[in-house]
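Q: Structural data only, the sequence is not supplied:
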């Protein structure tokens, strides 16, 4: 998308304030480069979030690029864009990491309750699409109890 409008070239222009070099190949060493996907956030594959996080990150980046218009893609913009991505990805990382260690008691309670409460089972399985939805009830015992108690049990 950006290449069609010429912005991709500006991403690699020399920043005269940051780089004293006149040679383009030497200036490139001091050019800002925007990382994405596994380069900036890698998780264990236990939750299958690698491609999920990369595609959600790409959507955030595309939106931010289109919003930027003809303004430069400077370090401040890159940091703001990463911060927006991290607002999502931090919960992916936290949730993934919670499944790599022996489960906290509230996670065992949630899983046990989900076997009896279909709505809770759906909420847990649907969280794979948007791990921020696990917050705060996956990570906090009191919030997990509220979640469990707030859902009707299955009819017997």
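A: Looks like it arrived, so ask away. On a predicted model such as this, the values are computed, not experimentally measured, just so you know.

Q: Please count neighbours and contacts with C-alpha atoms only from this point.
A: Noted.

Q: all helices in the protein, in order from the N-terminus.
A: With helices called from DSSP state H, the chain shows them at 2-5, 7-11, 24-27, 50-68, 75-98, 105-114, 118-126, 141-149.

Q: will you turn the ones you listed into a markdown table that also has mean neighbour count and distance to residue 36?
A: Conversion of the helices of the chain to a markdown table gives the following (neighbours: other C-alpha atoms under 10 Å; distance: least, C-alpha to C-alpha, whole Å):
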| stretch | mean neighbour count | distance to residue 36 |
| --- | --- | --- |
| helix 2-5 | 10 | 16 |
| helix 7-11 | 15 | 15 |
| helix 24-27 | 13 | 22 |
| helix 50-68 | 16 | 7 |
| helix 75-98 | 17 | 8 |
| helix 105-114 | 16 | 31 |
| helix 118-126 | 15 | 24 |
| helix 141-149 | 15 | 32 |
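
Q: Output those as CSV; include the columns mean pLDDT and distance to residue 42.
A: Below are the helices of the chain laid out as CSV (pLDDT from 0 to 100; distance: least, C-alpha to C-alpha, whole Å):
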stretch, mean pLDDT, distance to residue 42
helix 2-5, 44, 26
helix 7-11, 47, 25
helix 24-27, 43, 29
helix 50-68, 92, 7
helix 75-98, 93, 8
helix 105-114, 97, 23
helix 118-126, 96, 21
helix 141-149, 97, 27
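
Q: Let's have these in TSV, adding distance to residue 34.
A: Converted to TSV, these look like this (distance: least, C-alpha to C-alpha, whole Å):
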stretch	distance to residue 34
helix 2-5	14
helix 7-11	9
helix 24-27	16
helix 50-68	10
helix 75-98	6
helix 105-114	36
helix 118-126	30
helix 141-149	37
